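K.L.:
Provide a 3D model corresponding to the input given below.
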Amino acid sequence: MIPGPRNLLTDVPGLLVGNASDPRLKSGVTVVLGEEPMVAGVHVMGGAPGTRETDLLAPDRLVDTVDALVLSGGSAFGLDAASGVADSLRTMGRGFAAGPTRVPIVPAAILFDLLNGGDKDWPKNPYRALGAQALDTVSTDFALGTSGAGTGATTATLKGGLGSASIRIESGITVAALAAVNALGSATVGDGAHFWAAPWEEMNEFGGLGAATTYPKDPPATKRSPAQNTTLAIVATDAPLTKADCTRLATAAHDGMARALVPSHTPFDGDLVFTLSTGRSRATADPILLGHAAATCLARAIARGVYLASEEPGDLLPTWSTKYG
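P.N.:
Okay, here's the model as predicted:
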C-alpha cells in the first residue's frame, strides 16, 4: 500500500475540498464536495458531539446519498456553515428531489474553538458566509495545517490543524482521510516531538522521527478546560459501498484516532468520523483491508494536521515546528 499522488482526501476520484479561514476569528470551515452524490455513513464516539443531519446517514433512513459534508469551528454557531453550503448548492441545482424543488443534503459537524484567542465578538454569525466561501474554493488541491476547520484548532500541548493522507491498496482502491484536530489530548508522546502515529508514517510526512523510545507512565496531558475539544474526520474511498458499509468503515476508522491522540473519545470530545463512498472503482473491496487502510490513513492525517500547523499572532500554544522544528 502506498500513498496517492497528492496524499490528500482528493486522491479519491470525484472529491473536491475547499477551505475558508478567518485569521482574526481564529476559526474556519472545510467543505468536501462530491462531483456526484455520495453514499455516506457516520460513527460518533466522543461524548460531546455537535452535528447536523447525521440521523439521515443511518442505514435505515430514506435518503441514500449526500451532496457535501461540512466540518466547522465555532461550536454550535458553526453548524450554520452548512446552511451557507446548502444555499449555494441549491442554486446549482444540487440536492434531493422533492417535487419541483431540490433539497441539498449537507451533514455537518463542529469543533469547539471559541476560547483560542480569536475575536469572537461578532455582530452576526460569520459561519454561514464562511461555509459558502469554502464551497467556492473547492479543488483537488487544498491547504493543510492552519486552514479551514483546523484554523483555530488546538491539542493539549500544541496547536492542532487540518490534516489529510491517502493510501492505494493492491486492488487499486483508494482510501483517504481528512481530520480537523482539536483534541482534549495530545498527538505527541509526553514532552517530546515524536508522534503517537509514528509507526504508520509514510515518506516522512510528519517529520520522519520514528517512534518514541520511551513512553511516559504518568497520566497523559489534557487541556485545562474540558470544554474546548473535538476531532472531526472524514474517511473516503472509491470502493462501492452501501450506507451500512460506510457506517462500519467509520467505526473501524476510529482505531486510527485512538492511535494518534492520547486520550481520545473522551466524554469532553465530540470525536466523530464520516465515511464517503464515490463508488467509482469496480474492484472487489475487502472490508477488513478497507478498515485497516481507513484507520491507518486517519492516524497519519491527524499527525499531519498538527505537524503542519503554522504560527499566527495571538496563538495560545506553540506549533510543532516552533517547538521542535
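K.L.:
which stretches of this protein form strands?
P.N.:
Assigned by DSSP state E, the chain shows strands spanning 15-22, 27-44, 51-52, 65-72, 96-98, 101-103, 108-110, 161-168, 174-181, 232-237, 272-277.
K.L.:
and the residue lying closest to residue 87 once chain neighbours are set aside, how far is that from residue 77?
P.N.:
Nearest residue to residue 87 in three dimensions, chain neighbours excluded: residue 132, at 6.7 Å (Cβ to Cβ, 6 or more residues apart in numbering). (C-beta placed from N, C-alpha, C; glycine too.) Distance of residue 132 to residue 77, given as Cβ to Cβ, to the nearest Å: 15 Å.
K.L.:
Export the strands of the chain as JSON lines, with columns for mean pLDDT.
P.N.:
JSON lines is the format used below for these (pLDDT from 0 to 100):
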{"stretch": "strand 15-22", "mean pLDDT": "98"}
{"stretch": "strand 27-44", "mean pLDDT": "97"}
{"stretch": "strand 51-52", "mean pLDDT": "97"}
{"stretch": "strand 65-72", "mean pLDDT": "97"}
{"stretch": "strand 96-98", "mean pLDDT": "86"}
{"stretch": "strand 101-103", "mean pLDDT": "91"}
{"stretch": "strand 108-110", "mean pLDDT": "98"}
{"stretch": "strand 161-168", "mean pLDDT": "98"}
{"stretch": "strand 174-181", "mean pLDDT": "98"}
{"stretch": "strand 232-237", "mean pLDDT": "98"}
{"stretch": "strand 272-277", "mean pLDDT": "98"}
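K.L.:
So residue 31 sits against residue 15, correct?
P.N.:
No: Residue 31 lies out of contact with residue 15 (Cβ atoms under 8 Å); the separation is 10.8 Å.
K.L.:
Give me the pLDDT value at residue 257.
P.N.:
The model reports residue 257 with a pLDDT of 98.
K.L.:
higher neighbour count, residue 31 and residue 15?
P.N.:
The residue with more neighbours, out of residue 31 and residue 15, is residue 31; 34 against 26, by other Cβ atoms under 10 Å.
K.L.:
Report the contact partners of that one.
P.N.:
Residues near residue 31 by Cβ atoms under 8 Å, 6 or more residues apart in numbering: 17, 18, 19, 68, 69, 70, 85, 131, 134, 135, 138.
K.L.:
try it again with 6 Å
P.N.:
Residue 31 makes contact with 18, 68, 70, 85, 134, 135 under the criterion Cβ atoms under 6 Å, 6 or more residues apart in numbering.
K.L.:
Report whether the expected contact of residue 240 with residue 282 is present.
P.N.:
No: using Cβ atoms under 6 Å, residue 240 makes no contact with residue 282, being 7.2 Å away.
K.L.:
And for residue 5, the neighbour number?
P.N.:
11.
K.L.:
And residue 172, by the same measure?
P.N.:
Number of residues near residue 172 (other Cβ under 10 Å) recorded here: 11.
K.L.:
Give the burial count for residue 91, as a bare number.
P.N.:
Residue 91, neighbours per other Cβ under 10 Å, totals 9.
K.L.:
Repeat that for the one 3 residues further on.
P.N.:
Close neighbours of residue 94, defined as other Cβ under 10 Å, add up to 21.
K.L.:
quick one: pLDDT of it?
P.N.:
Predicted confidence (pLDDT) for residue 94: 94.
K.L.:
Quick check, it in contact with residue 67.
P.N.:
Yes: in this structure, residue 94 is within contact of residue 67 by Cβ under 6 Å, at 4.9 Å.
K.L.:
Which residues are in contact with residue 81?
P.N.:
Counting by Cβ under 6 Å, 6+ apart, residue 81 makes contact with 29, 70, 72, 127, 130, 131.
K.L.:
ok, the fourth one touching residue 80?
P.N.:
Yes: with contact defined as Cβ under 6 Å, residue 127 reaches residue 80; the gap is 4.5 Å.
K.L.:
what about the two, which has more around it?
P.N.:
When residue 127 and residue 80 are compared for neighbours, residue 127 comes out ahead with 32 against 22, by other Cβ under 10 Å.
K.L.:
Going by neighbour count, which of the contacts of residue 31 comes out on top?
P.N.:
If you count neighbours using other Cβ under 10 Å, the busiest of the contacts of residue 31 is residue 70, which has 34 neighbours.
K.L.:
Was I right to think that one contacts residue 83?
P.N.:
No: applying Cβ under 6 Å, one finds residue 70 not in contact with residue 83, separated by 9.4 Å.
K.L.:
Helix or strand, whichever it is, which one in the protein has the lowest mean pLDDT?
P.N.:
In the chain, the helix or strand scored least confidently by mean pLDDT, DSSP states H and E is strand 96-98, which has a mean of 86.
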